[in-house]
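Colleague: Here's a sequence, model it:
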Amino acid sequence: MPERIIEFSVPPGAKAGRADKVFAAEFDDVSRARLQRAFDAGQVTFDGKTIDKRFKVIQPGLLRAVLEEPTFDTAPTAVGLPLDVIYEDESILVVNKAAGMITHPGNGTGENTLVHALLHHCGENLSTVGAPDRPGIVHRLDKETSGLIIVAKNDTAHHKLAAAFSERKTYKRYTALVFGIPKVSRGTIKEAIGRHPVVRTRMAVVHSGKPAHTDWKVEARYGQKATRMSCIIHTGRTHQIRVHMSEIQFPLLGDSTYGFRPGQLKDIEVPRVMLHSTELQIQHPDRDERMTFEAPLPRDFEDVIARLA
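Modeller: Numbers count the residues shown, from 1 in each chain. Below you'll find the model as predicted:
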């Protein structure tokens, strides 16, 4: 059975909590049942010592779990897809992902994912820490979201990058086009996010969810129709910006899942959810260097802005 390894470096001063709840707060895509199977199998450790779900995390250390992954009919293979490389060295690769490209394979995704393109570009020079269908993948973007993704080319780099994300030592800034005009120029949203209580394929602001923090700032207003925003996320919850913007009544253009209705912008075609990962800052895993990467707005983004202006 293929395996996926998840790790979380508990930082100094972190709030004490049960191991299962600490994991659940950090990994949105891991179900409680799946995590429970890892505990039952003795596949969860804290600083190398096997623990059960009731273990209370009260000090800094490394939580690690080995999860069973679903088996796919075939492992991903190299496919020569277009890849916009922003930066590359022996340990990391930074890519400007195109909208419409899925990050990694899954049931029914086909052979046009970022992983297929990475296998063609990097060959065997990708980390193997995660599941077999996710070589090099440290974090993800939604299918319709464009912009920056950092990839690990070896296991050492993967572990250090994953720790940086889990310890919130990265800086992630997105550009979003939202429907409506805020009366103020900036704001902060700290609302917990979890599965929608009825529509389980959606996320929502729920009291029982996981802490989520988004800062937003107006970059431009387009009449009474739409606004361009800069969004900085301090947590990495599933659909975080989309859910938070919808919660304050400014859904992203094109995001029918979270409140945008086709036809709200007359005579302006919105091709997708208008969200772009614009800037990423991270400590290089091999050296004492804080690196900043930026990706310009894609053509479809610029086209919508031009029609709004």
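Colleague: Helices of the stretch 51-200 of the chain, start to end?
Modeller: For the stretch 51-200 of the chain, the helices defined by DSSP state H, counting those that start in this stretch occupy 114-122, 155-166.
Colleague: List the buried residues of the longest one.
Modeller: Along helix 155-166, these residues count as buried under the neighbour rule (16 or more other Cβ atoms under 10 Å): A157, H158, H159, K160, L161, A162, A163, A164, F165, S166. (Glycine included, C-beta is placed from N, CA and C.)
Colleague: Next, the contact list for the residue lying closest to T257 once chain neighbours are set aside, please.
Modeller: Among residues not flanking T257 along the chain, R202 sits closest, at 6.1 Å (Cβ to Cβ, 6 or more residues apart in numbering). Applying Cβ atoms under 8 Å, 6 or more residues apart in numbering to R202 gives the contacts R195, H196, H239, T257, Y258.
Colleague: same thing but at 10 Å, please
Modeller: R195, H196, T238, H239, R242, V243, T257, Y258 (Cβ atoms under 10 Å, 6 or more residues apart in numbering).
Colleague: and if you look at G263?
Modeller: Contacts of G263 by Cβ under 10 Å, 6+ apart: none found.
Colleague: What's the separation between it and G187?
Modeller: According to Cβ to Cβ, to the nearest Å, G263 stands 27 Å off from G187.
Colleague: hmm, which two among the buried residues of helix 155-166 are most spread apart?
Modeller: The largest separation in these, counting by Cβ to Cβ, is between A157 and S166 at 14.9 Å.
Colleague: Are we agreed that I241 is in a helix?
Modeller: Yes - using DSSP: H, G, I helix; E, B strand; the rest coil, the assignment for I241 is a helix.
Colleague: related to what we said a few turns ago, go through the helices of the stretch 51-200 of the chain and name the closest to I233.
Modeller: helix 155-166 (11.1 Å).
Colleague: Identify the residues contacting the closest one?
Modeller: Counting by Cβ under 10 Å, 6+ apart, 5-11, 26-27, 62-63, 89-93, 126-130, 135-139, 150-152, 169-170, 172, 236, 282-286 sit against helix 155-166.
Colleague: Return the alpha-carbon coordinates of it using CSV.
Modeller: What follows is helix 155-166, C-alpha atoms only, in CSV (Å, rounded to 0.1, in the frame of the first residue of the first chain):
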residue,chain,number,x,y,z
ASP,A,155,14.1,14.7,0.7
THR,A,156,16.2,17.0,2.9
ALA,A,157,14.8,20.1,1.1
HIS,A,158,11.2,18.6,1.4
HIS,A,159,11.4,18.2,5.2
LYS,A,160,12.8,21.7,5.7
LEU,A,161,10.2,23.3,3.4
ALA,A,162,7.3,21.4,5.0
ALA,A,163,8.5,22.5,8.4
ALA,A,164,8.6,26.1,7.2
PHE,A,165,5.0,25.9,6.0
SER,A,166,3.7,24.1,9.1
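Colleague: Now find how far off-centre that helix is within its chain.
Modeller: 14 Å (Cα atoms, centre = their mean, to the nearest Å).
Colleague: nearest residue to E88 other than its sequence neighbours?
Modeller: In space, E88 is closest to V94, 7.3 Å off (Cβ to Cβ, 6+ apart).
Colleague: actually I150, not the one I wrote
Modeller: Closest to I150 by Cβ to Cβ, 6+ apart is V94, at 5.2 Å.
Colleague: Can you report how many residues neighbour the one you found?
Modeller: Using other Cβ atoms under 10 Å, V94 is surrounded by 19 other residues.
Colleague: For it, give me its contacts.
Modeller: 84-88, 148-151, 280, 282, 291, 293, 295 are the contacts of V94 under Cβ under 10 Å, 6+ apart.
Colleague: Mind doing that once more with 8 Å?
Modeller: V85, I86, Y87, E88, L148, I149, I150, V151, L280, F293.
Colleague: Can you read off the pLDDT for the nearest residue to Q43 once chain neighbours are set aside?
Modeller: Leaving aside its sequence neighbours, Q43 sits nearest to V66 (Cβ to Cβ, 6+ apart; 4.1 Å). The model reports V66 with a pLDDT of 90.
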